[in-house]
Structures are given as C-alpha cells and as structure tokens.
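Enquirer: What follows is a predicted structure for the sequence shown.
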There are 2 protein chains.
Amino acid sequence: MKTLVIVAHPQLDSSATEAFFKTAARQADNVTWHELTIPFDVVHEQQLLHSANRIILQFPMYWYSAPAILKQWLDEAWTTTLTTNRLVKGHELGIVVTVAHPAQAFMPGASQQFTIAELLRPYQALAHATGMKYLPPLPVYQFAQQSDEQRQLLFIRYQQYLTAKKFQHFSDRTNWFAEQLTAKLDQTTDPLQQAKMAQLLTLLTDQQDELTDLQASIGWLREREDD
Amino acid sequence: MKTLVIVAHPQLDSSATEAFFKTAARQADNVTWHELTIPFDVVHEQQLLHSANRIILQFPMYWYSAPAILKQWLDEAWTTTLTTNRLVKGHELGIVVTVAHPAQAFMPGASQQFTIAELLRPYQALAHATGMKYLPPLPVYQFAQQSDEQRQLLFIRYQQYLTAKKFQHFSDRTNWFAEQLTAKLDQTTDPLQQAKMAQLLTLLTDQQDELTDLQASIGWLREREDD
C-alpha cells in the first residue's frame, strides 16, 4: 500500500509538530511526504494522487478548517479531469488535524461548540463525491503540551494511521506491530537484538492468540445466556 | 443598520450570479459590496468589519466550502487583534452560498450526503468563537436554471437578507416591505404613483393587522381548549 501525505502549513519550517510527523513519516515504508507550495503543477499533483492508495490531508486547524493553501490546492488540482477519470475512486482519505484546544472543547455546550467530526464534514463530503473511502480522522490536540510519553504513543499511532491496512481494532494494531517487528528482524544482524525481537514477536502473537480465544469464549457464553 | 457583503469569487467578472446580486445590493440602503482581491490591507479589512453590524460572507460552493480566497482572507484578516479587541462581537454573520446542485441533493442518503447547515459548520463555529450572532444561511440553488419569476423572488429575498432587521417571520417581511414602500413614497413626486403606493401600503398594513388579529384569536381558542 502507498500513502501520500499532503502537508498544508503556512509556516512549515518553524512548526515543531510537522517536524515530528515528518520524522515519523520518513521512518515508515511506502510513504510520500508532500509539502504544498504555490504554484501547483496540476498534472503532477493528479499523478501523485492517482498513484497513492491512501491520501492523508494533514494541517493545523485555522478557523475550523484547513489553511487557505489546502483549499487552493483542492480548488485547482481536484479538477473535473480528476473526477471524470476517477483518479482517486476507491482510494482512502484520511485527515490528520492538529488543534490548539483540548479534546473536551469540541462538543455541544463546550467552548468550541462542535465536534471535530462535524467540522470536517466538507472533507467527508469530498470523499463521498469522489468515491473515496473516508477514514476516521486523527485529531492531535495540543501537541505543544504533550509529554514525552504521549508523543511516543502519538508517533506510533501516526505511523499506523499512515501505513496500517486497518487500525480501528486492537488486533489490527497488534498485526501492524508484528509486521513491523518481522521486517526489522529481517534487517538485523546483531544476534542479541535478533533474539530479543524474536521473543517480543512470539509474545505479541501469543497474547493476540489468547485474546482471540478469550473473545471467542465470551461470545460463546453470551450465546448460551440468550438461550 | 450597516451591512457588509464580502464577495469571494475567483471569476467574479464572468459570474452572472454575482452580477445579479450586485444589482440587488446596490439598490439596497446601507450596504457595502466588498469584492475580495489579494493582497489584503488587514487594517482596512478590520475597520470594515468593525463598522458593519451585519457581515455577509458570499461565495459559490467549491468542494463543500468557500473558494480559497475567502479562507485566505479569514486566515490573514481575522487576527488575534480582531478577536482580542472584540471587533465583531455582537455583530451578525450571514452566509449567501450559491450551489450547483438542487436543494434535495443535500440530505443524508442523497447525492451530496450532508445538509448545507452541516457543511457550513466551520462558519457557525467562527461566529460562536468571535461572539457573533449566526444568521440562518441563504443557500441559492442552481441559479442558472432559475426562471425570471424565481429570480424576482430571489432578488427581494436577498435584499431582505441583507437589510431586514429580522426576516424569519412573515410579519418581519411585511414590515420590511412597508418600510421600503414608505421610503419610496417619500421620494416619489408623481401623484399617480404616490396614490398607488399609498394604497398598497394601506393594504399591506391592514392585511398584517388582520393576520395578527387572527393569530391572537387562534391563540385564545387554543388556550380555552387546554382548559
């Protein structure tokens, strides 16, 4: 699977958030990190979009939507050629949006009044109109205030969002980790590292197997209760 | 009341829709028609915003939101100075959005999947965040296909949206018409025209009085039913 990250940020060079994500994206396989700059080469943009299976729109939230440059790119590059030739039909559309307010502010009655999902409706409508599969967005709240631990989790969560075939279920994430470990194992030559990774991989797989067994047992018990 | 119409259209000169609205706006009192062009003079834009009681964002819908130029204007002119000094607090925010699809397309399950109200959430959130009063938007569907009769109605509906103190109730619209007629009556010197207008004004006022009486009677009857 190929992923294209469309990065729309007016002060990209001074953004610590985007630098963080760039590092994470660079360390992932089959990810193209594409920073928007004006003017656009429309044909090139459409080729990029066509060749990627997963397209991520990534931006800081300015006045409840993307910065103007992303809209300009949509207005200019998402032409009737793109829609008529179905260049993105069947592709996935993901959104990574960084916001300055905390998660609990995005709720009716709270300071921001609307949920992130509601505010992103125009992108969901875009996906619908062009035959794309809309992924659950990945909102990143108050990056500047996050602890090192939170950032480590975000680093992995972000890589999964970019590259995991599925990422909504717990088992999807385990599989993604197992894949990553297997790939690393193949590249490692240090025997000690190899042993450690192999052990971790076995542990991970065993745990997942046990979890699957447990889930099956619970399902079976529930069915009996319904009798 | 002063109204400021912010017009965001990349091909303004060739837009028959905007030419139509421009004529309507020019014939209304206390309306400033402001076409956005780059670059913006931020201080001037903020002065305009501050001096208007009603601010209308007017644009064709491109990919489910305003064209990039409106977003650029928001990103650049709606600065922290504007919010800190509460330059638009208490003002009204209206949206006139022209769309290429019919009204019934904007619904869950229909081709556009979301309602216009949902798609415009970012502007509603903007109004909320800056302490403005969000007016019910005025969507204009398929202007190019409208008949002369439909356009005449739209012409008046649009002028009301720009200048009527209230416009949601039937009586608000009658009052607006009465005000317009009174103003015209003062300017007219032709006695025949004057007589016609005076007659129309009386008719309009009488009808509204009768309607108010009827509504009162219905209310009274309903109260008795509840006993």
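Expert: Yep, that arrived. Note that this is a predicted model, so its numbers are computed, not measured.

Enquirer: what's the spacing between the nearest residue to residue A:207 once chain neighbours are set aside and residue B:152?
Expert: Leaving aside its chain neighbours, residue A:207 sits nearest to residue A:174 (7.6 Å; criterion: CB to CB, 6 or more residues apart in numbering or on different chains). Where you see a C-beta, it was placed from the backbone N, CA and C, and this is true even at glycine. To residue B:152, residue A:174 is 65 Å away according to CB to CB, to the nearest Å.

Enquirer: So for those two, which sits in the more crowded spot?
Expert: The neighbour comparison of residue A:174 against residue B:152 (other CB atoms under 10 Å in any protein chain shown) goes to residue A:174, with 17 against 11.

Enquirer: give the contact list for that one.
Expert: A:204, A:207, A:208 (CB atoms under 8 Å, 6 or more residues apart in numbering or on different chains).

Enquirer: so which strand or helix has the first one?
Expert: Read that as residue A:204. Per DSSP states H and E, residue A:204 falls inside helix A:191-226.

Enquirer: can you list contacts of stretch A:103-114?
Expert: A:64, A:99, A:101, A:115-116, A:119, A:139, A:141, B:121, B:124-125, B:128-129.

Enquirer: Could you look up the SS state of residue A:40?
Expert: Here residue A:40 is coil, with the state taken from DSSP: H, G, I helix; E, B strand; the rest coil.

Enquirer: Neighbours of it, how many?
Expert: So residue A:40, with other CB under 10 Å, has 16 neighbours.

Enquirer: Leaving aside the residues adjacent along the chain, what's closest to residue A:146?
Expert: Using CB to CB, 6+ apart, the closest residue to residue A:146 is residue A:154 (6.9 Å).

Enquirer: burial of residue A:131, as a residue count?
Expert: Close neighbours of residue A:131, defined as other CB under 10 Å, add up to 12.

Enquirer: Got phi/psi on it?
Expert: Backbone geometry at residue A:131, expressed as degrees, to the nearest 10, gives phi 70, psi 30.

Enquirer: residues contacting it?
Expert: Residue A:131 is in contact with A:86, A:88, A:89, A:90, counting by CB under 8 Å, 6+ apart.

Enquirer: Show me which of these are buried.
Expert: With burial judged by 16 or more other CB atoms under 10 Å in any protein chain shown, the buried subset of these is residue A:88.

Enquirer: Pick the one among the contacts of residue A:131 closest to chain B.
Expert: Chain B has its nearest neighbour among the contacts of residue A:131 in residue A:88, at 12.7 Å by CB to the nearest CB.

Enquirer: Could you give the number of residues near residue A:158?
Expert: Neighbour tally, residue A:158, other CB under 10 Å: 23.

Enquirer: check contacts around it.
Expert: Contact analysis of residue A:158 by CB under 8 Å, 6+ apart lists A:21, A:24, A:25, A:96, A:138.

Enquirer: counting contacts, what elements does the helix holding residue A:204 pack onto?
Expert: The contact analysis (3 or more CB pairs under 8 Å, 6 or more residues apart in numbering or on different chains; DSSP states H and E) places helix A:191-226 against helix A:170-187.

Enquirer: how big is the angle separating the helix it packs on from helix A:191-226?
Expert: Taking axes from the mean of the first three to the mean of the last three CA atoms, to 10 degrees, helix A:170-187 and helix A:191-226 form an angle of 160 degrees between their directions.

Enquirer: For residue A:34, which three-state class applies?
Expert: Secondary structure, three-state DSSP: residue A:34 is strand.

Enquirer: Give me the three-state assignment for the nearest residue to residue A:15 once chain neighbours are set aside.
Expert: Excluding the flanking residues, the one nearest residue A:15 by CB to CB, 6+ apart is residue A:9, at 5.5 Å. What three-state DSSP gives for residue A:9 is coil.

Enquirer: okay, the residue nearest to residue A:207: pLDDT?
Expert: In this model, residue A:174 is scored at 78, pLDDT.

Enquirer: measure it to chain B for me?
Expert: Residue A:174 is 34 Å from chain B, where distance means CB to the nearest CB, to the nearest Å.

Enquirer: got the contact list for the most centrally placed residue in chain A?
Expert: Nearest to the mean C-alpha position of chain A, counting by CA atoms, centre = their mean, stands residue A:161 at 2.8 Å. With contact taken as CB under 8 Å, 6+ apart, residue A:161 is in contact with A:56, A:94, A:96, A:135, A:138, A:167.

Enquirer: State the mean pLDDT of the host helix or strand of it.
Expert: If you go by DSSP H and E, residue A:161 is part of helix A:148-163. Here helix A:148-163 scores 94 as its mean pLDDT.

Enquirer: chain center to it, what's the gap?
Expert: Offset of helix A:148-163 from its chain centre (CA atoms, centre = their mean, to the nearest Å): 9 Å.

Enquirer: mind listing what's buried in it?
Expert: A:154, A:157, A:158, A:159, A:160, A:161, A:162, A:163.

Enquirer: any idea how far the fifth one is from residue B:97?
Expert: Read that as residue A:160. 37 Å.

Enquirer: which parts of chain A sit against chain B?
Expert: A:10, A:62-69, A:71-72, A:74-75, A:78, A:112-114, A:118-119, A:121-126, A:128-129 (CB under 8 Å from any CB of the partner chain).
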